[in-house]
Structures are given as structure tokens and as C-alpha cells.
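**Student:** Predicted model and sequence follow; I will ask about them next.
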Amino acid sequence: MYERRLLQKHLDETGREPHTDHALTPAEIIAVHADPAVHPRAPSLTSIPALLSTFQNEWDALVLEAFTLKQQHQQVRQELAQALYQNDAACRVIARLMRERDEARQSLASLQVSVHIEEPASAPAAPAPASAAAAASVSESMDVDNATPEDAYYARAAETAKTLSAARMKREAPANLTSADTWKTAVQAGAVVEALHTSTKPGITTLCIDASGDLALTGAKDNHAEVYSRVRDQTVATLKGHTKKLTAAVWIGQRIVTGSADKSVRIWEPKAAKEPQEEEGGMLALPSGWAKKTIIKEHAAEIAAIAVHPSMDYFASAAVDGTWAIHSVDGTTIISDRLDSHITCIAFHPDGMFLAIATADGCVKILDVKQRQILASLDVSSTPIGGLHFSENGYHFATTCETEVAIWDLRKQKKSHAWTPADLNGGHAFGPAPARFDASGKYLAIVCGLTLHVFKAKGWLQLAAVQMTSDDHPDPESYSIEDIAWVGPLSTAVAAVTNLNSLVYFAPPANE
């Protein structure tokens, strides 16, 4: 529909219809006559109240539209902010990678330059390798000197992981490892060792056996650590210094590291041996004692656990407030960080590259120490985890809580086997003693009530169930097993400590 005057003018100039561009003649134009009468407004808009109501409705519609626009605007702002944060993070990662690449190129170029400088141009061909080796040695020593303690830890951890993982693929069980059939005859070995520590504050909280299998390191509520020799049947050292109960005590070679509720970690160095030769009866000489070397006060809460790195050059400590740290054996703190959960246990992976942390809310987090990144988070229990221990095979680990002992497979990140108290001895609850694999990864020891259960790994076939008895404490309700540890690399026995300051060994009769 067009105004006739304008349409006629357009036809005179072009001869075509303006919209479709088809040929059009004046004869084809149809006149349309409009009614000049205007329809009046609806009766509802003839009064002032009706007009006010209409204006109110229009105002409400405008306000709702403005609100919707503000919501959409805010959502767009949030999406934009998130995109900017992601872009910033990506730029930082790219910048870090480029910096590390440039540093690696620079180091390689410096090494090549130093090799060419040290190698004489006219020298005979034979001395050249020695010159290159010397240059490489100098460059390598310079890199070590310039490396930070944290870089040295990462390098040592990577070297240890490479060595251990390669050896694990070819490793076989020791030839003299105690066999499964032998463990089926296990009994309580000898009398219970009573009266360790002081009786004023009874209760041994932690146990660790040294590599020889002779020395048992215990920590207790009397604020002391003691070293008991099974061969000599006596306490050979008492370590005093902590002001509150001990919560962790471990061997690192002949060194001792203890953690306490007084928020400190102490390193104890062995003193010189009494005799350089063997003592009477063929027993190896012992240090004359252990002296306090270093006190570490990195944490602001009770120490929850200590774990030794497989390299034996470092160890990790964790506190109940969620802080954890890695230290060298001389007491230098290398790395420290914090989780958003309370920590109950920690353990290094057998290769040493990862750190597993158990929390009070029932989770196990597998942490990449270098990247500070949680690689896996496993929901283990609804109650705090009281025990965490890796198998030597590198992919199994055991968790202990009040209602369950479970075996987890890191490859699948799921539970592969589990026991409840009812599965073992009719409903006695799991105590504070954690489940532990032996050094070979072939056996697993679990404590339920006062009974030690030994299982063959992988098939999880029960080999032995031995109940602890004590002549001094005939009432089994009066004491509990607090911690256990395997004895020696050949898994000849399992040691256990109780809340009444006693130590007991379980072993096949042939190993007593």
C-alpha cells in the first residue's frame, strides 16, 4: 500500500513496483479509500482512575524489564570476570613454562660453552673426554651450589623415584622371607615386656622398629621416647625433652625423629658407640645414647604424624590444624603448606614423589608436592582416619578407621577390599592401631580388639589370628593395642604396644 502521488512518480521514472521491482502500469493501480472517521478510545480510558491504572501497569512493566536487564548485566559481568581470571591463569602458566624453557636452554648453552673452553684445541684426542667430564662436573657442581634447598629436594625425590620404580619392576621377594605357611603357626612370642616408660602417665602411643629388627622405638604419654632392645631385653635409652605426650616417633637410619602435642618436632643424633667391635654374645654394638640435635617449631598445633621419605634424606611432619611441612634430616624446613582440613595421618608413596594425607573428615588426598596439586581425593569414611600405610608394590594402601579397614587401589582410585569388625572377630571395634603392610608388600597385619590378624596380600587370605594375653593384666577389657610394626626386612614378627606401657611380639615359633 502506497500513497498514490508517490507511487505514480516512481512509475513515471522506473516503470516498476518499488518493493518487488516487477513491471507495473498505472492501469494496474487499485485505489483504496480510507474511512476518515477515527475510532474513539476504549471506554476504560475515559476516566482518571482508569488512566492511572494504565500508567501503573506500564510503570510496573518498565521496572520489571529494568530488573531483568540488570540481572542479565550482572551475569554477563560474572562470566566476563571468570573468563579474565582463566585467561590470567593461563598466561601465568605459559610465562612460567617459557621461563623454565629459557632457563634450561641457558643452562645447556653454558654447559656447552664451558666444555669447549676447557677442551684444548691442539690437545690429543685421548685427554678430551677427561676434559669434558671435568667441565661437566664443574658445571654440575655450580648448578648444585646455585640450587635452592627446595630444588635440591625435588631433584633428590625425582632421582629416588626413578631408581625405586625401575628396581620395583624387577624386584623379587627376599629368599629368606617368612613364608605364608610359617605364618599360619604364629603365636604370642615370649612374655609381655611390661613397665616401659613411667607409670604416672601410662599409655604408649607410637611404635617404630629399626632396620635391624632389634630396637623398638616407643613414644608415650609421659612425654618421653624410649629405645628397647629385644636381643638385650632391656631399655637402652630414654629421650627426654618434650613437654607433652608424644604422638609420633620414627627411625631415619640411626637418627630418631619425634613429634609431640607440644607442637614441636625433635631430631636426635646417635652418640658414638661404646665399642667398635661386637659385644659379648655376638650382639652388635649400640650407640651410647641419642642426643638432641634440632628442635623444629614449624607448626602451631599438635603434631599428628611424621613420615620418612624413601631417600632417607628428608621427612614430612603434619599437625592437626592442617599444616604440613617437609624437612631435611639436619632440621632445615624445605617446604610448608596447609590443607583446608584437619590432618590425622601422612605417608609418602614408596617412590617418594607423592604425599598421601588423611583427614579428620574421612578423606585421603594424594598430593603432588612440587606442583602443590591434589592428584586424587578419595572419600574413605565418614569418621576420622586413624591409619594410612602404603604397600611396597606402589599401588595399594591401607586405611584404618573405627568401623572399617580398607585396601585401596591407586590405579583405579577405588576400594579393592575391606573388613568390618564383624568380619574378623565378632564385632570388637578396630582400635587405634593402624593396619600395616610388611616391607616386602606380601603381608598385611590388622588389629581388631586384642587380636592380631595376618593376611596374605592380593588374595587377602587370612593366615593367622593371635590374641594377646598378659599375666599382669588378665582382664582383656583393661588394655588395648595402640600401635603395631613389622620386625625386620624378612617379616619375622609383628610388634605391638599397649595403653598400659607394655610391648609384645607375635611370631611363628621358628622365629621366636
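**Tutor:** Received it, and whenever you're ready, just let me know what you need.
**Student:** Give me the helix or strand of this structure that scores worst on average pLDDT.
**Tutor:** Lowest by mean pLDDT, DSSP states H and E among the helices and strands of the chain is helix 128-146, with a mean of 47.
**Student:** What strands line up against the helix or strand hosting Ile357, and which way round?
**Tutor:** Assessed by DSSP states H and E, Ile357 sits inside strand 354-359. Partners of strand 354-359 in the sheet, by DSSP bridges, are strand 343-348 (antiparallel), strand 363-368 (antiparallel).
**Student:** Run through the bridge partners of Ile209.
**Tutor:** Beta-bridge pairing for Ile209 (DSSP bridges): Ala216.
**Student:** How many residues are close by it?
**Tutor:** 20 (other Cβ atoms under 10 Å). Every C-beta, even on glycine, is put in place using the N, C-alpha and C of the backbone.
**Student:** Show the contacting residues for it.
**Tutor:** If you count contacts by Cβ atoms under 8 Å, 6 or more residues apart in numbering, Ile209 has them with 215-217, 251, 485-488, 495.
**Student:** please redo it, this time with the cut-off set to 7 Å
**Tutor:** 216, 485-487, 495 (Cβ atoms under 7 Å, 6 or more residues apart in numbering).
**Student:** Output these as a markdown table; include the columns distance to Lys297.
**Tutor:** Converted to a markdown table, the contacts of Ile209 look like this (distance: Cβ to Cβ, whole Å):
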| residue | distance to Lys297 |
| --- | --- |
| Ala216 | 28 |
| Ala485 | 28 |
| Trp486 | 32 |
| Val487 | 33 |
| Ala495 | 31 |
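**Student:** taking these as a set, which two sit the farthest apart in space?
**Tutor:** Distance extremes for the contacts of Ile209: the farthest pair is Ala216 and Trp486 at 11.7 Å, using Cβ to Cβ.
**Student:** picking that back up, is it possible to export the strands paired with strand 354-359 to TSV including distance to Ala27, mean neighbour count and mean pLDDT?
**Tutor:** Compiled in TSV, these are given as follows (distance: least, Cβ to Cβ, whole Å; neighbours: other Cβ atoms under 10 Å; pLDDT from 0 to 100):
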stretch	distance to Ala27	mean neighbour count	mean pLDDT
strand 343-348	97	22	95
strand 363-368	88	18	92
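**Student:** Make a markdown table out of the ones you listed and add distance to Thr323.
**Tutor:** Shown next, in a markdown table, are the strands paired with strand 354-359 (distance: least, Cβ to Cβ, whole Å):
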| stretch | distance to Thr323 |
| --- | --- |
| strand 343-348 | 8 |
| strand 363-368 | 13 |
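**Student:** out of those, nearest to Ala61?
**Tutor:** strand 363-368 (51.7 Å).
**Student:** got a list of what Asn322 touches?
**Tutor:** Let me fix one detail, which is that residue 322 is Gly and not Asn. Gly322 sits next to 338-343 when contact means Cβ under 7 Å, 6+ apart.
**Student:** Now a ChimeraX select for only the buried ones of those.
**Tutor:** Entered in ChimeraX, the line below selects the buried ones among the contacts of Gly322, by 16 or more other Cβ atoms under 10 Å:
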select :339,341,342,343
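**Student:** Can you tell me which of the contacts of Gly322 is closest to His33?
**Tutor:** Nearest to His33, judged by Cβ to Cβ, of the contacts of Gly322 is Asp340 at 81.6 Å.
**Student:** Toward the C-terminus, what is the element adjacent to the least confident helix or strand of the chain?
**Tutor:** Downstream of helix 128-146 (by DSSP H and E), the next one is helix 149-170.
**Student:** after that following helix, next one along is what?
**Tutor:** For helix 149-170, the succeeding helix or strand toward the C-terminus, using DSSP H and E, is helix 180-183.
**Student:** What about the contacts of Ile209, which are in strands?
**Tutor:** Among the contacts of Ile209, DSSP state E puts 216, 485-487, 495 in strands.
**Student:** Which helix or strand contains Ala433?
**Tutor:** Using DSSP H and E, Ala433 is not contained in any helix or strand.
**Student:** which residues sit against stretch 417-430?
**Tutor:** The contact list for stretch 417-430, computed with Cβ under 7 Å, 6+ apart, reads 400, 402-407, 446, 448-449, 451, 453, 460.
**Student:** Not counting its neighbours along the chain, what's nearest Phe397?
**Tutor:** Leaving aside its chain neighbours, Phe397 sits nearest to Phe390 (4.6 Å; criterion: Cβ to Cβ, 6 or more residues apart in numbering).
**Student:** Next: Trp460.
**Tutor:** Leaving out its chain neighbours, the residue that sits closest to Trp460 by Cβ to Cβ, 6+ apart is His417, at 5.1 Å.
**Student:** burial of the one you found, as a residue count?
**Tutor:** Neighbour count for His417, taken as other Cβ under 10 Å: 17.
**Student:** Geometric centre of this protein: which residue is closest?
**Tutor:** Nearest residue to the geometric centre of the chain (Cα atoms, centre = their mean): Ala356, 2.6 Å.
**Student:** Any idea what that one is bridged to?
**Tutor:** Under the criterion used (DSSP bridges), Ala356 bridges to Ala347, Ile366.
**Student:** my guess is it meets Val364, correct?
**Tutor:** Yes - under the criterion of Cβ atoms under 7 Å, Ala356 makes contact with Val364 at 5.9 Å.
**Student:** Sweet, I'm off.
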